[in-house]
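A.B. asks: Next come a sequence and a model predicted from it.
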Amino acid sequence: MNIHRQPRHALGLGLLSVAFLVGAVSTAAAHDGEGILTVESQTPTDDVVVEYVVRLTWADDGHPALQSTVTATPIASDGAPQTPVSLDPIDEDGRYAGTVTYPAPGDWTVRFTSVTPTGSVEIVEPIRSQPTTTTAPATTTVPREPGDDDPGSDVTTGEESNPDAGGGSTIGGGLALGVLAAVVIAAVVTFARSTRRFREDS
C-alpha cells in the first residue's frame with residue numbers, strides 16, 4: 001500500500017511546485033512593462049511656484065508603482081526645457097509630489113516622466129506673474145540746504161561753520177575797549193595838568 005501511495009504523493013508535490021512557479025512568473029510579469037502617470041493635483045503656492053501630485057500605476061494590473069524615479073520638467077513656449085525636478089513618494093499608493101518654480105511668465109508645458117515602470121504625461125501650466133527679486137534699497141545721504149531748521153543737518157553756515165569766529169569777535173571788542181579807556185585816561189590826565197598850570201599861573 002505504501003508503495004502505491006508514494007508516486008501519488010510525489011505527483012502532488014510536483015503539481016504544487018509547478019503551480020507556485022507559474023504564480024511567481026505571473027506575478028513578476030504583472031509588474032514588468034509600462035506605467036500610467038496621472039496628475040492628481042496642481043496647487044500654486046506662490047505666483048510662480050506650483051506643487052504637483054501625481055500617481056504612478058502599472059499599466060497591466062493597475063497596482064501602485066512604488067520606489068520609482070519620477071521627475072517633472074518645465075518646458076518653455078519656445079521648446080527650451082528647464083532642469084528636471086524630482087518628485088518624492090508621499091504614500092504607499094503610488095503618489096509622488098514636488099514643486100516647480102517657473103523663471104518667467106508664459107504658457108509652460110510640464111512633462112512628467114517615470115522610470116520602472118516607464119511612463120509619461122504632459123500638462124499645460126499658465127504662469128502670468130513675473131518672479132519677484134528682493135533687492136536692498138540704496139541709501140543716499142543728501143546734504144541739507146542752508147537755513148534748514150533740522151538740528152541734525154549736515155550743513156552749517158555762518159558762525160556755526162567757523163568755530164573761531166566768535167573768539168575773533170571777542171578779541172577785537174576787547175582791544176577796542178582798551179584803546180578807548182586809554183584815550184579817556186589820557187584826556188583826564190591832560191585836563192588835570194592844564195588845570196594845575198592855570199592855577200599856578202594865576
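C.D. replies: Alright, I've got the coordinates. Numbers count the residues shown, from 1 in each chain.

A.B. asks: Just grab the bridge partners of the spatially closest residue to Gly98 that is not a sequence neighbour for me.
C.D. replies: Sequence neighbours aside, Leu87 is the residue nearest to Gly98 in space, at 3.8 Å (criterion: Cβ to Cβ, 6 or more residues apart in numbering). Quick note: C-beta positions are derived from backbone N, CA and C, even for glycine. The partner list for Leu87 in beta bridges (DSSP bridges) reads Val70.

A.B. asks: Give me the pLDDT value at Leu87.
C.D. replies: At Leu87, the model reports a pLDDT of 98.

A.B. asks: Kindly report the same for Ser161.
C.D. replies: At Ser161, the pLDDT value in this model is 47.

A.B. asks: And the strands in this protein?
C.D. replies: Along the chain, the segments classed as strands by DSSP state E run 35-44, 49-58, 69-75, 85-89, 95-101, 106-115, 119-127.

A.B. asks: Let me have the ones you listed in a markdown table, extended by mean neighbour count and distance to Gly178.
C.D. replies: As requested, the strands of the chain are arranged in a markdown table below (neighbours: other Cβ atoms under 10 Å; distance: least, Cβ to Cβ, whole Å):
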| stretch | mean neighbour count | distance to Gly178 |
| --- | --- | --- |
| strand 35-44 | 15 | 88 |
| strand 49-58 | 19 | 85 |
| strand 69-75 | 19 | 92 |
| strand 85-89 | 15 | 92 |
| strand 95-101 | 19 | 84 |
| strand 106-115 | 17 | 89 |
| strand 119-127 | 15 | 87 |
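
A.B. asks: Where does pLDDT dip in this structure?
C.D. replies: 1-30, 133-176, 179, 188-189, 191-192, 194-202 (pLDDT under 70).

A.B. asks: Helices along the chain, start to end?
C.D. replies: Remark: helices assigned in the chain by DSSP state H are 2-30, 165-201.

A.B. asks: could the strands of the chain be laid out in a markdown table, adding distance to Arg193?
C.D. replies: Putting the strands of the chain into a markdown table (distance: least, Cβ to Cβ, whole Å) gives the following:
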| stretch | distance to Arg193 |
| --- | --- |
| strand 35-44 | 110 |
| strand 49-58 | 107 |
| strand 69-75 | 114 |
| strand 85-89 | 114 |
| strand 95-101 | 107 |
| strand 106-115 | 111 |
| strand 119-127 | 110 |
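
A.B. asks: List of residues touching stretch 50-67?
C.D. replies: With contacts defined as Cβ atoms under 8 Å, 6 or more residues apart in numbering, stretch 50-67 is touched by 29-31, 33-45, 68, 70, 72, 87, 89-90, 92-100, 102, 110, 112, 114, 116-117, 119, 121, 125.

A.B. asks: actually stretch 37-46, not the one I wrote
C.D. replies: With contact meaning Cβ under 8 Å, 6+ apart, stretch 37-46 is reached by 50-57, 70, 95, 99, 112-114, 119-121, 123, 125.

A.B. asks: if you set the cut-off to 10 Å instead, what comes out?
C.D. replies: 49-57, 65, 68, 70, 72, 94-97, 99-102, 110-114, 117-123, 125, 127, 129, 131-132 (Cβ atoms under 10 Å, 6 or more residues apart in numbering).
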